[in-house]
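Peer 1: got a sequence here, can you build the structure:
(one chain, ligands or ions: 2)
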Amino acid sequence: MTDCIFCKIIAGEIPSVKVYEDADVLAFLDISQATKGHTLLVPKKHVPDVFAYDATLAATVFSRLPKLARAIQASDPQITGMNILNNNGAVAYQSVFHSHIHLIPRYSDQDDFSIHFGDHSDRFDTAALNAVADAIRAKVGD
Ligand code: 5GP
Ligand code: ZN
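Peer 2: Residues are numbered from 1 along each chain as shown. Ligands and ions are numbered 1, 2, ... in the order given. The predicted model follows:
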């Protein structure tokens with residue numbers, strides 16, 4: 001896709017600091033370095049978000065995660081954990097619309113990275129949870 005910054009990185013038209021590459025994926029350091037070693041894993045094929053994946057592409061991309069995560073972890077003994085994130089849609093904080101997975105190594109609870117999960121369990125009794133699940137199950141398909 002001509003106006004996609006990650007397609008340009010994949011094509012070598014924009015520089016990046018690569019950490020892994022094969023025929024189907026590229027992994028490179030995120031320019032923001034939310035924490036040191038923050039890496040993006042992207043399919044070389046332009047897909048905007050997870051909603052556009054088929055099972056084959058998902059298997060290809062997500063299968064690279066464990067070895068990449070282990071390599072990042074092994075690169076610095078101070079890494080004690082990792083957040084793996086995939087933002088889909090502007091409301092979900094996606095800003096580059098070429099699908100990518102963030103690997104964010106964690107050093108401590110003071111390393112300036114956080115995620116907030118609100119607890120709204122008081123709004124969902126069993127009947128409400130079943131209604132939510134029914135609506136999803138009806139759309140899962142094969
Ligand atoms: P998103 O917000 O879409 O989940 O994440 C996009 C990420 O791409 C951001 O963390 C941002 O720092 C990173 N990014 C945007 N432009 C570039 C770039 O030109 N080079 C690199 N290496 N990272 C970029
Ligand atoms: Zn692209």
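
Peer 1: now the strands for this protein?
Peer 2: 18-21, 25-29, 39-43, 81-85, 101-106 (DSSP state E).

Peer 1: got the contact list for the nearest residue to Gly89 once chain neighbours are set aside?
Peer 2: Excluding its sequence neighbours, the residue lying closest to Gly89 (Cβ to Cβ, 6 or more residues apart in numbering) is Asp49, at 6.6 Å. For every residue, glycine as well, the C-beta is placed using N, CA and C. Residues counted as contacts of Asp49 (Cβ atoms under 8 Å, 6 or more residues apart in numbering) are Asn88, Gly89, Gln94, Phe97, Ser99.

Peer 1: any idea how far Asp49 is from Asn86?
Peer 2: 8 Å (Cβ to Cβ, to the nearest Å).

Peer 1: would you mind measuring from Leu68 to Ala135?
Peer 2: Distance, Leu68 to Ala135, by Cβ to Cβ: 34 Å.

Peer 1: pretty sure Leu29 is touching Pro15, no?
Peer 2: No - using Cβ atoms under 8 Å, Leu29 is not in contact with Pro15, being 11.1 Å away.

Peer 1: more crowded one of these two?
Peer 2: Leu29 (15 against 9; other Cβ atoms under 10 Å).

Peer 1: look up the pLDDT of the residue of the chain most remote from its centre for me, please.
Peer 2: Centroid-distance maximum for the chain: Ala127 at 32.4 Å, with Cα atoms, centre = their mean. With respect to pLDDT, Ala127 has a value of 98.

Peer 1: separation between it and ligand 2?
Peer 2: 43 Å (Cβ to the ion, to the nearest Å).

Peer 1: likewise for Ala23?
Peer 2: The value you get for Ala23 to ligand 2, if Cβ to the ion is used, is 17 Å.

Peer 1: return the residues in contact with the nearest residue to Asp76 once chain neighbours are set aside.
Peer 2: Nearest residue to Asp76, sequence neighbours excluded (Cβ to Cβ, 6+ apart): Gly37, at 6.5 Å. Under the criterion of Cβ under 8 Å, 6+ apart, the contact partners of Gly37 comprise Leu29, Ile72, Ser75, Asp76, Ile79, Leu103, Pro105.
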